[in-house]
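Trainee: Build me a model from this:
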Amino acid sequence: MITLISSLLVFILVVILHELGHFTVAKLSGVKVNEFSIGMGPEIYQKQKGETLYSLRALPVGGYVAMEGEEENSQDPRAFNNVHILKRMAVVLAGVFMNFVLAFLAFTIIFSIVGYGSNEIDKVMENTPAMISGLKSGDKIIKINESITRDIYDINSLISKNNDKEMNFSIDRKGEILNIKIKPEYSEENKMYLIGITSKINHSILKSLSLGADRTLQISKMIIQSIKMMFNGSFKLEYLSGPVGVIQLIGSESSKGFLNFLQILGLISVNLGVFNLLPIPALDGGKFLFLLIEALRGKPINEKIEQGLSLIGMSLLFSLMIYVTIFNDIGRLFNK
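Mentor: The predicted structure is shown next:
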């Protein structure tokens, strides 16, 4: 039951906000929207309100905003193909933008609840470089090698960049500034270089906003790196998950608590945002690429060519989804 409810909630939030982004910017740009649909396939519920048909459909695998003149040219002055190209670009990118906003909000809420590690030392671990060097609880690490450290994330980042090289730590001990040299040690358990401290936890709305934005950016970079690995052959298809695998993951993480639910919500939202930016026909990134080409050459791509490429792109994406679902998701179920 937890898996079902949490999966539906994640789907509703991610898809509705994505499509709501397209819908809102389309309306603000004066584009005529024929249908706003959540879900795909047979309709469960439909309601006409003004010029737009609002639909709820049976298959929870996406949604769409059907705009006049989006798939084929229309003579309607409010058709998508007749509005200014910058407005069309904004409409296309609005869905992805909302996915990043949702991820940012999810991660920000997490940091606002759990807090963040400050640059003030809470505990010094036994037999570690920090203890050997004389660091104490209450010390504030204000600089490392002349780089200012505001929190534990700055500290860990600077240590990881220097690895096992000796580093100069500037310490604020009750107003007295001390300079201490420390050589980090590699931790097999954590798979990183550490000096052996824990930090005191602080809470700040502004810092939570900053960390939420940074987490969204860092995960986006990781996803982009994974996509690059797919093309150079170092990332294997068996690492991918389809709808079944995603639902299992949502249920597993959501059963651990609200914070885990927010974490998986943010991860899936970032994934959808980055994936949709790929320049593949049928995705938002592909549509944006067509518009960019139109802007550069002064006229749109031939309608039949664009439709053909979009059909190919959609076919490839559905083929990949079916393959991953059958051989990865269902395969893992039978191997358990």
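Trainee: which helices and strands does the helix with the most length in the chain pack with?
Mentor: Using DSSP state H, we find that the single longest helix of the chain is helix 85-114. Using 3 or more C-beta pairs under 8 Å, 6 or more residues apart in numbering; DSSP states H and E as the contact test, the elements touching helix 85-114 are helix 2-28, helix 205-232, helix 258-276, helix 284-297. From N, CA and C alone the C-beta is placed, and that goes for glycine too.
Trainee: so which of these comes closest to residue 184?
Mentor: helix 205-232 (21.5 Å; C-beta to C-beta).
Trainee: Report the buried residues of that closest one.
Mentor: Within helix 205-232, the residues that qualify as buried by neighbour count (16 or more other C-beta atoms under 10 Å) are 207, 208, 209, 210, 211, 212, 215, 216, 219, 220, 223.
Trainee: The residue nearest to residue 17 when sequence neighbours are not counted and residue 187, how far apart?
Mentor: Nearest residue to residue 17 in three dimensions, chain neighbours excluded: residue 98, at 4.5 Å (C-beta to C-beta, 6 or more residues apart in numbering). Computed as C-beta to C-beta, to the nearest Å, the residue 98 to residue 187 distance reads 39 Å.
Trainee: The two: who's more crowded?
Mentor: Using other C-beta atoms under 10 Å, the more surrounded residue of residue 98 and residue 187 is residue 98, with 23 against 12.
Trainee: who touches that one in this structure?
Mentor: 17, 18, 20, 21 (C-beta atoms under 8 Å, 6 or more residues apart in numbering).
Trainee: The first one and residue 101 touch, don't they?
Mentor: Yes - proximity of residue 17 to residue 101 meets the contact threshold set by C-beta atoms under 8 Å, at 7.4 Å.
Trainee: So the two - more neighbours on which side?
Mentor: Between residue 17 and residue 101, counted using other C-beta under 10 Å, the more crowded position is residue 17 (18 against 15).
Trainee: Please report how far that one lies from residue 311.
Mentor: Relative to residue 311, residue 17 is positioned 27 Å away (criterion: C-beta to C-beta).
Trainee: Equivalent analysis for residue 22, please.
Mentor: Taking C-beta to C-beta as the measure, residue 22 falls 20 Å from residue 311.
Trainee: Then residue 115?
Mentor: When distance is defined by C-beta to C-beta, residue 115 is 50 Å away from residue 311.
Trainee: okay, the two: which has more neighbours?
Mentor: For residue 115 and residue 311, the more surrounded residue by other C-beta under 10 Å is residue 115, and the numbers stand at 16 against 12.
Trainee: What sits closest to the more buried one if chain neighbours are left out?
Mentor: Residue 115 sits nearest to residue 201 (C-beta to C-beta, 6+ apart), 4.1 Å away.
Trainee: do residue 110 as well
Mentor: The shortest distance from residue 110 to any residue other than its chain neighbours is 5.3 Å, reached at residue 262 (C-beta to C-beta, 6+ apart).
Trainee: list the contacts for the one you found?
Mentor: Residues counted as contacts of residue 262 (C-beta under 8 Å, 6+ apart) are 106, 107, 109, 110.
Trainee: Do you know the pLDDT at the third one?
Mentor: Right, residue 109. Residue 109 is assigned 96 on the pLDDT scale.
Trainee: Who is residue 202 paired with across the strands?
Mentor: residue 116 (DSSP bridges).
Trainee: right, and it touches residue 114 too?
Mentor: No - here residue 202 lies out of contact with residue 114, judged by C-beta under 8 Å, at a distance of 10.9 Å.
Trainee: Centre-most residue in this protein?
Mentor: The centroid of the chain falls nearest to residue 270 when counting by C-alpha atoms, centre = their mean (1.5 Å).
Trainee: residues contacting that one?
Mentor: Residue 270 sits in contact with 99, 100, 103, 216, 219, 220, 223, where contact means C-beta under 8 Å, 6+ apart.
Trainee: just these now: which is nearest residue 306?
Mentor: Distance from residue 306 was checked for each of those by C-beta to C-beta. The minimum falls on residue 99, at 24.1 Å.
Trainee: So, low pLDDT: which residues of the stretch 151-300 of the chain?
Mentor: 233-249 (pLDDT under 70).
Trainee: Residue 131 versus the residue lying closest to residue 192 once chain neighbours are set aside, what's the distance?
Mentor: Nearest-residue entry for residue 192: residue 160, 5.9 Å, with adjacent residues in sequence omitted and distances by C-beta to C-beta, 6+ apart. Residue 160 sits 20 Å away from residue 131 when distances are taken as C-beta to C-beta.
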